[in-house]
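Engineer: below is the sequence, then the predicted model.
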Amino acid sequence: MQHNKVITQIKESGHLPKIPKAFGEILDMLLDPYEYDLDECIDKFIKYPQLEKIMIHSLDYNSNLNRKFLTIRDAITYLGARNAKIVAISYITNLLVPIEKGRAKVFNNKKYWKHCLGTSIAAYKIAEKSNLSDKDKMFIYGLVHDIGVTVLDICLPDEMDQIHQLQKKGVHQIAAEKLVLQGITHAEIGSWLCFEWNLPDEMQTIIANHHTPLLATRHKTDVMIIHLADSISTTYYESLLGCESTFIYSKKIMESLGIDEDFMKEIIHTLPQEIERLYKIVV
Ligand SMILES: [Fe+2]
Ligand SMILES: [Fe+2]
């Protein structure tokens with residue numbers, strides 16, 4: 001993948017955001033719902049003073065409390081491990097998907113961001129209903145599942161616009177990408193990025209397989225949840241673009257997750273207003 005022509009173009013564009021290597025390690029720790037060790041996590045932050053400073057600033061800004069935190073230990077102890085974890089992950093996720101840096105002219109990254117929020121909401125609900133995964137984690141994966149699209153928007157805006165034009169004509173996203181990007185897709189670009197930025201292995205597997213869930217050999221349940229959530233949210237996104245839906249819901253995956261048609265319809269029905277509500281809070 002390193003020597004792929006499109007990957008080389010992305011690297012040489014000079015626009016790829018730089019992520020400190022420590023982010024991957026910290027994210028890995030925060031995403032684990034069972035093994036999360038507060039002291040170990042604080043130690044990681046302390047090892048990287050710059051990162052600690054950014055996090056304290058972010059916790060101050062996001063927590064809306066009438067007090068300032070002086071150290072990361074102080075902040076995490078005050079907020080509680082769970083709240084601090086959610087704030088920390090959201091902050092890191094924002095760094096990973098800086099939509100304001102997008103440069104494409106026709107592709108509308110704000111509409112696409114709504115698709116990512118929709119995927120997060122649907123993934124959260126499926127995880128909650130099926131009880132097969134951690135719902136907060138699924139929410140985060142929903143936000144980053146299409147990180148390859150964000151990178152294309154930032155680094156190769158002309159190609160992103162060509163893909164978008166094809167999609168508006170009714171071409172499936174994956175087919176359009178393969179045509180414009182000489183055979184590769186945003187899932188492969190996202191997967192390459194996870195290696196490049198040292199992001200958690202589980203995140204890489206989900207990003208790489210979210211359009212090909214049956215090919216996943218690890219983290220299969222999480223991949224299926226994101227795939228199903230992505231399908232639901234793509235239907236909404238395509239309606240925002242004014243084009244016919246190109247997505248098919250996989251009955252096999254619904255059965256594996258124990259999700260029935262009625263529950264799917266319920267998510268589809270409430271998704272638009274929930275996306276709008278969340279969009280106003282996070283943008
Ligand atoms: Fe995708
Ligand atoms: Fe998607």
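Structural biologist: Sure thing, it's come through. Numbers count the residues shown, from 1 in each chain. Ligands and ions are numbered 1, 2, ... in the order given.
Engineer: what's the burial count for the residue lying closest to residue 220 once chain neighbours are set aside?
Structural biologist: What sits nearest to residue 220 in space, not counting adjacent residues and going by C-beta to C-beta, 6 or more residues apart in numbering, is residue 213, at 7.5 Å. C-beta: built from backbone N, CA, C; applies to glycine. Look at residue 213: counted by other C-beta atoms under 10 Å, it has 23 neighbours.
Engineer: now swap in residue 145 and tell me
Structural biologist: Number of residues near residue 145 (other C-beta under 10 Å) recorded here: 30.
Engineer: and what of residue 46?
Structural biologist: Using other C-beta under 10 Å, the number of residues around residue 46 comes to 13.
Engineer: packing partners of the host helix or strand of it?
Structural biologist: Here residue 46, judged by DSSP states H and E, is contained in helix 38-47. Contacts defined by 3 or more C-beta pairs under 8 Å, 6 or more residues apart in numbering; DSSP states H and E place helix 38-47 against helix 22-31, helix 49-63, helix 72-79.
Engineer: least reliable of these going by mean pLDDT?
Structural biologist: Among those, helix 49-63 carries the lowest mean pLDDT, a mean of 68.
Engineer: what comes up buried for stretch 252-259?
Structural biologist: For stretch 252-259, the buried set under the neighbour-count rule, 16 or more other C-beta atoms under 10 Å, comprises 253-254, 256-257, 259.
Engineer: same check on stretch 172-181?
Structural biologist: 173, 176-177, 180-181.
Engineer: phi, psi for residue 103 please.
Structural biologist: phi -120, psi 0 (degrees, to the nearest 10).
Engineer: what's the neighbour count on it?
Structural biologist: Neighbour count of residue 103, defined by other C-beta under 10 Å: 17.
Engineer: can you give me the end-to-end distance of stretch 170-189?
Structural biologist: With C-alpha to C-alpha, to the nearest Å as the measure, stretch 170-189 spans 23 Å from end to end.
Engineer: what ranges do the strands span in the protein?
Structural biologist: With strands called from DSSP state E, the chain shows none.
Engineer: can you pull the domain assignment for it?
Structural biologist: Structural domains annotated on the chain: 20-96, 99-283, as defined by automatic domain parsing.
Engineer: how long is stretch 16-23 end to end?
Structural biologist: End-to-end span of stretch 16-23 (C-alpha to C-alpha): 16 Å.
Engineer: that older thread, wait, doesn't the residue nearest to residue 220 sit right on residue 221?
Structural biologist: No - counting by C-beta atoms under 8 Å, residue 213 sits too far from residue 221 to count as a contact (9.8 Å).
Engineer: before we move on, the earlier item: so of the buried residues of stretch 252-259, which ones are in helices?
Structural biologist: 253-254, 256-257 (DSSP state H).
Engineer: and the helix holding residue 46, what's buried?
Structural biologist: Those would be 41-42, 44-45, for helix 38-47 by 16+ other C-beta under 10 Å.
Engineer: that helix versus helix 72-79: what angle between them?
Structural biologist: Orientation check (axes from the mean of the first three to the mean of the last three C-alpha atoms, to 10 degrees): helix 38-47 against helix 72-79 gives 140 degrees.
Engineer: run the angle between helix 38-47 and helix 22-31 for me.
Structural biologist: Using the same axes, to 10 degrees: helix 38-47 against helix 22-31 is 160 degrees.
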